[in-house]
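[1] dropping the sequence and predicted coords here.
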Amino acid sequence: PAESTPAEPTANDLLIEATDLRDLKQYKAALSAYDQSLALDADMAEAHWGRCYSLNQLQTYDQAIEACDRALAIEPDHVQSLWSKGHALEQQNQLEAALAIYNQTVELAPDYSEAWNNRGVVQQKLQHSQEAINSFERALEINPNFAEAWNNRGAALWSLRRFDEAISSIDKAIALKPDYSDALKLRDQIRQKLGR
């Protein structure tokens, strides 16, 4: 009998491969697989978002925004694409635009802890510390083990001169992630400032 040739991978097969590569932090290889999957089916919001996420990780933010916009053109309520677009805008220091996108994200997905955390980071950069704390606390209600949100909350509390609360929040981040260098540095800075 003649040997059967293996079937060509489908757009979905390539999407799965791309997602696996993305999860392994192999962003360039993931981009190539996303591109192949989109060549077969250009209307997959998930693949456009995967490109956006990977491009963000590679710090090519203009292209990331473009990829997210393609996903959102197909699926306007694609929350990961909104979140990733917000991240790209934030990295470009377009803080008001990023905040507007994060607001839209948490409105569509009230339990999206990463979006609440990012929203808080932008609010803190805009010097709205109390609003930032509220966002971090919302992220922590959803995910109490979110070390970054505990650390960010600590930084916001510190900016309001609520030092003991800040240290306690940062200690929670370090308890969850003992090698968390940003949190360790921040705690040392506060302790030095307080002479402890």
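    Yep, it's here.

[2] all contacts plus neighbour counts: C-alpha atoms, from now on.
    Will do.

[3] where does the prediction get shaky in the protein?
    Residues of the chain that meet the criterion pLDDT under 70 lie in 1-5.

[4] now the helices for it?
    11-23, 27-40, 45-57, 61-74, 79-91, 95-108, 113-125, 129-142, 147-159, 163-176, 181-194 (DSSP state H).

[5] thought Phe146 was touching Leu140?
    Yes: Phe146 lies in contact with Leu140 (CA atoms under 8 Å); the separation is 6.4 Å.

[6] got the helices of the chain as JSON lines, with mean neighbour count columns?
    Shown next, in JSON lines, are the helices of the chain (neighbours: other CA atoms under 10 Å):
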{"stretch": "helix 11-23", "mean neighbour count": "19"}
{"stretch": "helix 27-40", "mean neighbour count": "20"}
{"stretch": "helix 45-57", "mean neighbour count": "26"}
{"stretch": "helix 61-74", "mean neighbour count": "21"}
{"stretch": "helix 79-91", "mean neighbour count": "25"}
{"stretch": "helix 95-108", "mean neighbour count": "19"}
{"stretch": "helix 113-125", "mean neighbour count": "25"}
{"stretch": "helix 129-142", "mean neighbour count": "21"}
{"stretch": "helix 147-159", "mean neighbour count": "25"}
{"stretch": "helix 163-176", "mean neighbour count": "20"}
{"stretch": "helix 181-194", "mean neighbour count": "15"}
